[in-house]
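J.: Pasting the sequence and the predicted coordinates here, then a few questions.
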Amino acid sequence: MAGIGDAGYTLYTVQSGDFFPTSDSDTSLPPLTTSFTFASGCAEQWRIVNPDFPTEVLNSVPSSCFPGGRDVNSPGTCLPSYRLVALGEFRTPGWTSGGVRAWGADCCRNDMTPIGVGRGGLCTKVFSTSITAYNPVAFTTSSTNSIGETTTYIDSLDRSATDNATILSSGTMTMAAMVVYWQESDLKKFDPEYAATLADHLSIGFTPTATSDITSETATPPNRSQLPSATSNLGEAIAGSKGSGLSSGAKAGIGVGVGVGTLLVALAGFLLYKRRVGRREKKLDRNSAIQNQQPEFVQRASQMQTA
């Protein structure tokens with residue numbers, strides 16, 4: 001797994017009623033436990049978001065292009081051409097060995113750099129190889145004042161148009177990170193080499209088998225109905241335009257401050273559900289014990305909730 005040593009580490013102690021990555025009681029997140037390849041035309045759809053900054057582009061990919069129709073997966077792994085960044089561990093208060101915990105991370109393309117931290121950040125790079133980008137189509141409105149002077153101005157922009165392409169030889173490209181969540185019992189579902197690398201980095205005792213236990217076509221995400229949905233202390237509970245699949249009280253967002261001009265201002269609506277969380281570099285405690293299978297994971301969480 002490329003770059004896992006630079007993934008960082010943030011520990012979140014999740015209080016009762018706060019966001020926990022596998023506590024969605026509204027909609028199950030689709031699993032991504034095996035290799036996935038984007039369909040033709042899905043991997044890159046670069047768009048110029050702000051005509052005032054014509055060399056800054058956003059990769060605008062329809063949700064239908066992603067595995068399971070979502071860019072958030074649980075249990076999930078980063079794609080082969082992606083690397084794991086912004087690693088975080090979630091624990092319940094007073095956590096001890098064997099207690100409830102899970103992990104989450106962003107996935108950026110190997111050739112891109114993460115900007116912002118926490119779940120749902122951005123990935124960016126400066127490019128110098130020609131790409132095709134789509135300009136937004138402007139809709140104008142004219143008005144005439146009392147002395148007969150007519151002014152024409154842009155009333156709105158269609159940023160989904162594909163009939164106004166241009167070739168850019170250089171610039172800055174930005175895309176939203178994919179987000180993955182998992183717990184210890186999910187490792188056996190992943191590619192053995194991927195799982196072994198992840199377990200070593202997280203200091204988890206794990207022996208990979210020759211093949212993963214299940215495939216993405218048959219995998220089902222953890223049963224979240226027994227865990228309380230909640231309001232996240234990682235950000236204000238708002239409905240994210242990307243649709244994270246978390247309950248309305250648990251949609252944690254990451255707002256990202258990025259020095260890419262007003263591109264990110266134009267992206268504000270697209271990234272409304274994102275907010276900052278701190279990242280600190282840290283290696284996990286080597287004494288962490290192996291978590292049991294999912295049903296017990298859910299059972300323990302339910303017991304802690306009713307205790």
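T.: In hand now; what should we look at?
J.: For this structure, which segments count as strands?
T.: In the chain, strands defined by DSSP state E lie at 10-13, 46-48, 56-59, 72-73, 82-91, 101-109, 113-115, 122-127, 131-134, 137-144, 150-158, 165-168, 171-176, 178-182, listed in chain order.
J.: Just the buried positions in stretch 62-69, please.
T.: By neighbour count, and taking 16 or more other C-beta atoms under 10 Å as the criterion, the buried residues in stretch 62-69 are 66-68. Just so you know, the C-beta spots here come from the backbone N, C-alpha and C atoms, and that holds for glycine as well.
J.: can you pull the contacts of the residue lying closest to F66 once chain neighbours are set aside?
T.: Nearest non-adjacent residue to F66, counting by C-beta to C-beta, 6 or more residues apart in numbering: M178, 7.5 Å away. Taking C-beta atoms under 8 Å, 6 or more residues apart in numbering as the criterion, M178 is in contact with 66, 71-73, 76, 78-79, 82, 106-107.
J.: and the strands of the chain as TSV, adding distance to P192 and mean pLDDT?
T.: TSV is the format used below for the strands of the chain (distance: least, C-beta to C-beta, whole Å; pLDDT from 0 to 100):
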stretch	distance to P192	mean pLDDT
strand 10-13	27	90
strand 46-48	35	91
strand 56-59	31	93
strand 72-73	19	92
strand 82-91	17	91
strand 101-109	18	92
strand 113-115	26	90
strand 122-127	27	96
strand 131-134	36	92
strand 137-144	48	76
strand 150-158	47	71
strand 165-168	41	92
strand 171-176	29	95
strand 178-182	15	93
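J.: For T34, find the nearest of these.
T.: Relative to T34, the nearest member of the strands of the chain by C-beta to C-beta is strand 72-73, separated by 11.2 Å.
J.: Which strands or helices does the closest one pack on?
T.: In terms of contact count using 3 or more C-beta pairs under 8 Å, 6 or more residues apart in numbering; DSSP states H and E, strand 72-73 is assigned the packing partners strand 178-182.
J.: Please name the strands paired to the strand it packs on in the sheet, noting orientation.
T.: Strand pairing for strand 178-182, using DSSP bridges, gives strand 72-73 (parallel), strand 101-109 (antiparallel).
J.: re earlier: redo the contacts of M178 as JSON lines? Include distance to I131.
T.: Written out in JSON lines, the entries for the contacts of M178 read as follows (distance: C-beta to C-beta, whole Å):
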{"residue": "F66", "distance to I131": "21"}
{"residue": "D71", "distance to I131": "21"}
{"residue": "V72", "distance to I131": "26"}
{"residue": "N73", "distance to I131": "27"}
{"residue": "G76", "distance to I131": "28"}
{"residue": "C78", "distance to I131": "23"}
{"residue": "L79", "distance to I131": "20"}
{"residue": "Y82", "distance to I131": "19"}
{"residue": "D106", "distance to I131": "23"}
{"residue": "C107", "distance to I131": "21"}
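J.: Closest one of these to S97?
T.: In terms of C-beta to C-beta, no member of the contacts of M178 lies closer to S97 than G76, at 25.2 Å.
J.: just for the stretch 151-300 of the chain, where's the confidence low?
T.: By pLDDT under 70, the low-scoring segments of the stretch 151-300 of the chain are 153-160, 210-300.
J.: For the closest residue to G68 other than its chain neighbours, give me its contacts.
T.: By the measure of C-beta to C-beta, 6+ apart, the closest residue to G68 outside its immediate chain neighbours is P30, 2.3 Å from it. For P30, the contacting residues are 67-70, 73-74, 221, by C-beta under 8 Å, 6+ apart.
J.: again, 7 Å this time
T.: With contacts defined as C-beta atoms under 7 Å, 6 or more residues apart in numbering, the neighbours of P30 are 67-70, 73, 221.
J.: Save these as a markdown table, and put in distance to T13 too.
T.: Below are the contacts of P30 laid out as a markdown table (distance: C-beta to C-beta, whole Å):
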| residue | distance to T13 |
| --- | --- |
| P67 | 31 |
| G68 | 30 |
| G69 | 32 |
| R70 | 27 |
| N73 | 24 |
| P221 | 24 |
